[in-house]
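Chemist: can't give you the sequence, but here's the structure:
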């Protein structure tokens, strides 16, 4: 079976989308019996700047890639499957079937957060391509339900394939590449990793941390790893900077900005606990990364997060500051609780593995090819 993988998004994707595509490419490049893989990329570098006219040109180039160049390449190499991890697949099928990945339903849930032209492209071409596809892959059962509801895709046409932690976080050699100019955080700290997106609920976390310190826990710090999402309508950077300034805790709240993987590995390894206050996630990779680095984990009690974490995390109401503060105090003061969470996290992590996930994808490819 010949499988085309669209890897153009390696130049564009960030956070979980990038992790997903990198892991798939890594696994499929190992080779799988009975499969031949073709990794197709656009020769031209995508435009990543803010000029409106050049952005429009980039949207046009994206359309040409997905609907003309990619299907032509797949047809030329006699591919049976075209697999795209960025929601969009070719509408015209030239002797192949398509399988897209929908990581979430955010385009429908938060339309105000996206460029209007981009939304029009997704709501027309993107959904048209998905509905013509053999199957749509999603990362959780929660995401399957939301994708089906929001986009009117039959639930039986949606396949859940779990994700796994970043493959590069296994590489201890990355610790030798840390940037000494970045903050060297010492002592106990709470960690959060993610873009400064409004749905990440980071201002809530800062409020809860300020209350935690006010209750006498002045030996703990908060480290926020991440930066602006560069989306005008959903970026929370200004709000985060403002609330940090008002907290008078600049010495205890460290904003590192974006970190490369060596420095990110260092932050995970030295953290005391991980808090994930997001109000909406399609999967929530930091949950698994916290498990991997043996961190006690606190999660918001919504969307997919209880599904992914299982019984290995303490949940809280992401709109109730006191609820989070009390539960952070539990983790700070009760060693047996910390050890129990770490032990359960290690056990839960065994359910998530990229090799297993990619084998499930291959099983899906066989299934849709037979049909």
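Modeler: Received, thanks. Note that the structure is a prediction, hence the values are computed from the model and not measured.

Chemist: residue 348: how many residues sit nearby?
Modeler: By the measure other Cβ atoms under 10 Å, the count of residues near residue 348 is 19. Placement of C-beta: from N, CA and C, glycine included.

Chemist: wait, doesn't it sit right on residue 292?
Modeler: No - Residue 348 sits out of contact with residue 292 when judged by Cβ atoms under 8 Å, with a separation of 10.7 Å.

Chemist: contacts only, for the residue lying closest to residue 136 once chain neighbours are set aside.
Modeler: Spatial nearest neighbour of residue 136, excluding adjacent residues (Cβ to Cβ, 6 or more residues apart in numbering): residue 158 at 5.1 Å. With Cβ atoms under 8 Å, 6 or more residues apart in numbering as the criterion, the residues that contact residue 158 are 135-138, 144, 147-148.

Chemist: and these, which is closest to residue 235?
Modeler: Within the contacts of residue 158, the smallest distance to residue 235 is 24.7 Å, found for residue 147 (Cβ to Cβ).

Chemist: name the residues that touch the helix or strand hosting that closest one?
Modeler: Under the criterion of DSSP states H and E, residue 147 resides in helix 141-151. By Cβ under 8 Å, 6+ apart, the residues outside helix 141-151 that reach it are 102-105, 108-109, 127, 130, 136, 138, 153-155, 158, 160, 282-283, 303-304, 307.

Chemist: type out the ChimeraX command that picks the buried ones from those residues.
Modeler: Provided next is the ChimeraX selection string for whichever of the contacts of helix 141-151 are buried by 16 or more other Cβ atoms under 10 Å:
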select :102,103,104,105,108,127,130,136,138,153,158,282,283,303,304,307
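
Chemist: helices - which of the contacts of helix 141-151 land there?
Modeler: Judged by DSSP state H, helices contain the following of the contacts of helix 141-151: 108-109, 127, 130, 307.

Chemist: so where is this structure shaky, pLDDT-wise?
Modeler: Applying pLDDT under 70 to the chain picks out residues 167-183, 232.

Chemist: how near is the most far-flung residue of it relative to its centre to residue 332?
Modeler: In the chain, the residue that sits farthest from the middle, by Cα atoms, centre = their mean, is residue 216; the gap is 34.4 Å. In this structure, residue 216 and residue 332 are separated by 11 Å, where distance is defined by Cβ to Cβ, to the nearest Å.

Chemist: please apply the same query to residue 147.
Modeler: Following Cβ to Cβ, the distance that separates residue 147 from residue 332 is 38 Å.

Chemist: and what of residue 196?
Modeler: Here the distance between residue 196 and residue 332 works out to 26 Å (Cβ to Cβ).

Chemist: could you do residue 361 as well?
Modeler: If you measure residue 361 against residue 332 using Cβ to Cβ, the figure is 41 Å.
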